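J.: Sequence first, predicted model second:
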Amino acid sequence: MPLTAHMLGHGSLDATLEDLGRELAWETVYRTRPRALLTCTDCGGAMHAKISNRGARFFAHDRRPAHCAAVGESAEHLLLKTQLAQAARAAGFRADLEVTADHRGWRADVLVVAPDGRRTALEAQVSSAPFDEILERTSRYRDDGIETVWFTPLSARWLGHVPSVPLQHPATPSTPWKLTRPAVRRFRADPCTCDPRPPWHNSVHAGWTHPTPYNLDAIVARILDGRLVPVPTTVPLAGPPYDGWATPKDIEAAARHPDSGEGFELPYVPPVGAAWYQMWPPEEQHRLLNAAITWILNTTGKKATPRPRWTATWLAGGLGLSRTIGNSWDITSAALIRPDPGRIDWLQIGDLPVIVGSAEERRSLETSAPTDAHIIVLSGPSATGR
C-alpha cells in the first residue's frame with residue numbers, strides 16, 4: 001500500500017496530503033477516464049489510486065511486481081509513516097514519504113529537509129530486522145550526510161545502537177502511535193537532604209531522571225529542531241552507544257558534574273599517600289574500573305558511577321561505586337573496588353560486592369572474610385566469585 005506515486009508531467013504525488021503535494025485534487029487521479037499515468041516511485045511499475053475500507057488513500061500496483069520495496073507494507077507501518085510525516089510538517093519542516101536514493105542505496109520512510117538543508121530520515125520499523133541490517137542501513141544514510149532516527153515498537157537488540165525511539169502498538173488501526181516509555185532524560189543535581197546521611201551519600205544527588213513523557217509529535221519536533229539529541233553512553237564497553245534523548249544543555253551539565261558519572265576519568269595519584277586502590281598502575285586502575293562498571297550493568301541493569309570523593313571508613317582504602325534506585329535519582333552503593341585487606345571491616349561491608357583484579361587479591365581478602373562474602377574477580381573477559 002504505497003502512499004506515493006509518480007505522475008507523468010507532475011512528479012511525485014503524496015496521498016497523505018490534501019492536494020497530493022502538487023496542487024491536484026484526489027479526483028484528478030482516482031477513477032478517472034482516461035486513467036492518470038501513475039508509476040511506482042521505487043520499481044517504476046504502473047499504478048492506480050485506491051481508497052481503503054477505512055477511507056485511507058493510497059496507490060496500488062496494477063500487477064504485483066517481483067521486486068519492489070513498496071510492496072507488502074502493513075497498515076501499522078503506513079499509519080506510523082503517515083504520523084511521522086505529519087509531525088514533521090506540523091513542526092515546520094518539509095517531509096517527503098518513500099524517498100529512494102538515486103543510487104538506490106536507501107529508501108527512506110520519511111525524509112525530512114530542514115530550512116538549512118540538513119536531512120533526517122525517520123524510519124518506521126514495525127517488523128523484526130537483523131541487528132547488522134539496521135546498522136548497515138544507518139551507515140548508508142550517514143555516508144550520504146543524512147541523520148537517522150528509528151521508531152519501533154520492538155524490544156530489539158539494536159535499540160540504543162542507533163538513534164531510536166521506543167513506541168507502543170496502537171490499540172486500533174486508527175489509533176495514533178505513542179511512546180511506550182519515557183525516552184527523554186533530564187539531568188539534575190540537588191543537595192542531599194537525607195537525615196541522617198548514609199556514609200555512601202555525597203553532598204549532592206546528581207543524575208538523570210525522566211520528565212513528563214512527550215507525545216510522538218512533540219518528540220519528533222524537538223529532535224528535528226535540535227532541542228533533543230541522543231545521550232551518548234560514557235561507560236566504555238558497557239553496551240549501546242546511546243541512552244535516550246536529552247537537551248544539549250543537560251548533556252553538557254552532566255559532563256561537567258563530577259557526581260554524574262558522565263565524562264569521569266579516574267585520576268592517578270602517586271603512591272605516596274594514595275588510597276589502596278590507587279597503588280596499582282593507572283592502566284590497571286582503568287581496566288578494573290571499566291570491567292566493574294560493565295559487570296554491574298550486566299547484573300543489575302544499572303550504570304555504576306565511581307565515587308573517588310567518598311572517604312568513609314568502611315571503604316578501607318577502596319573505590320566505592322554507586323548506582324541509581326529504580327527510576328529515581330536516589331543512589332545506593334553498588335560495589336567496592338580493591339579495599340585494603342588489612343583494614344576491611346566485613347560487618348560494615350555486608351553483602352556488598354567486593355571487586356578485585358586477580359585471584360591473588362581474592363586470597364588476601366579471604367583470610368579475614370566470612371564464608372558468605374561476595375568477592376568478585378575481574379581479571380579478564382569473564383568474572384569469577386564466591
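T.: Good, I have the coordinates. Predicted model only: the values in this text are computed from it and were never measured. Numbers count the residues shown, from 1 in each chain.
J.: which SS class is the closest residue to W106 other than its chain neighbours?
T.: Excluding the flanking residues, the one nearest W106 by Cβ to Cβ, 6 or more residues apart in numbering is R140, at 4.8 Å. (Each C-beta comes from the backbone N, C-alpha and C, glycine too.) Three-state assignment for R140 (DSSP: H, G, I helix; E, B strand; the rest coil): helix.
J.: Hmm, A108 and R140 touching each other?
T.: No: with contact defined as Cβ atoms under 8 Å, R140 does not count as touching A108 (10.4 Å).
J.: tell me how far stretch 27-40 is from the chain's mean position?
T.: 43 Å (Cα atoms, centre = their mean, to the nearest Å).
J.: Buried residues, that stretch. List them.
T.: Under the neighbour-count criterion of 16 or more other Cβ atoms under 10 Å, stretch 27-40 has T28, V29, A36, L38, T39, C40 buried.
J.: Same question for stretch 70-87.
T.: 70-71, 73, 75-87.
J.: Taking those residues, tell me the two that lie furthest apart.
T.: Among those, the pair separated by the greatest distance (Cβ to Cβ) is V71 and A87, at 25.6 Å.
J.: Can you give me the end-to-end span of stretch 56-76?
T.: By Cα to Cα, to the nearest Å, the extent of stretch 56-76 from end to end equals 13 Å.
J.: avg pLDDT for it?
T.: Summarised as a single mean, pLDDT over stretch 56-76 is 85.
J.: residues making contact with that stretch?
T.: By Cβ atoms under 8 Å, 6 or more residues apart in numbering, the residues outside stretch 56-76 that reach it are 1-5, 13, 15-16, 26, 30, 38, 40-43, 45-52, 78, 98, 100, 107, 126-127, 169-170, 173.
J.: Contacts only, for the spatially most central residue of the chain.
T.: Centroid-nearest residue in the chain: G160, 3.3 Å away (criterion: Cα atoms, centre = their mean). Counting by Cβ under 8 Å, 6+ apart, G160 touches T233, G239, P240, P241, Y242, D243.
J.: What separation is there between the first one and S322?
T.: With distances taken as Cβ to Cβ, to the nearest Å, T233 is found 17 Å from S322.
J.: Then the last one?
T.: Using Cβ to Cβ, one gets 17 Å for the distance from D243 to S322.
J.: The two: which is more packed in?
T.: Higher neighbour count among D243 and S322: S322, with 24 against 18, using other Cβ atoms under 10 Å.
J.: okay, now the nearest residue to that one once chain neighbours are set aside: neighbour count?
T.: Nearest in space to S322, with sequence neighbours left out and distances taken as Cβ to Cβ, 6+ apart, is I331 at 4.3 Å. Here the number of neighbours of I331 (other Cβ under 10 Å) works out to 25.
J.: I331 and L321 touch, don't they?
T.: No: between I331 and L321 there is no contact under Cβ under 8 Å: 10.0 Å.
J.: The contacts of G160, buried ones only, as a PyMOL selection?
T.: Burial among the contacts of G160 is assessed by 16+ other Cβ under 10 Å; the matching PyMOL selection reads:
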select buried, resi 233+242+243
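J.: Most widely separated two among the contacts of G160?
T.: G239 and Y242 (9.8 Å).
J.: now the helices for this protein?
T.: Using DSSP state H, the helices of the chain run over residues 75-90, 131-143, 216-224, 248-256, 282-300, 346-349, 359-366.
J.: okay, the ones you listed in JSON lines with distance to W150 next?
T.: Formatted as JSON lines, the entries for the helices of the chain read as follows, by distance: least, Cβ to Cβ, whole Å:
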{"stretch": "helix 75-90", "distance to W150": "11"}
{"stretch": "helix 131-143", "distance to W150": "7"}
{"stretch": "helix 216-224", "distance to W150": "11"}
{"stretch": "helix 248-256", "distance to W150": "20"}
{"stretch": "helix 282-300", "distance to W150": "22"}
{"stretch": "helix 346-349", "distance to W150": "43"}
{"stretch": "helix 359-366", "distance to W150": "43"}
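J.: comparing these, which gets the lowest mean pLDDT score?
T.: helix 248-256 - the lowest mean pLDDT of the helices of the chain, at a mean of 86.
J.: Pull out the buried positions in that one.
T.: Buried, per 16+ other Cβ under 10 Å, within helix 248-256: D250, I251, A253, A254.
J.: Give the other helices and strands that it contacts.
T.: In terms of contacts (3 or more Cβ pairs under 8 Å, 6 or more residues apart in numbering; DSSP states H and E), helix 248-256 is packed against strand 186-191, strand 229-232.
J.: Pairing partners for the first one, with directions?
T.: Looking back up the chat, that one is strand 186-191. Strand pairing for strand 186-191, using DSSP bridges, gives strand 204-209 (antiparallel).
J.: swap in the shortest one?
T.: Paired with strand 229-232 in the same sheet, following DSSP bridges, are strand 242-246 (antiparallel).
J.: The strand it pairs with to helix 248-256, inter-axis angle?
T.: Interaxial angle of strand 242-246 relative to helix 248-256 (axes from the mean of the first three to the mean of the last three Cα atoms, to 10 degrees): 130 degrees.
J.: Can you tell me what sits against strand 242-246?
T.: Taking Cβ under 8 Å, 6+ apart as the rule, strand 242-246 contacts 160-165, 182-187, 208, 219, 222-223, 228-233.
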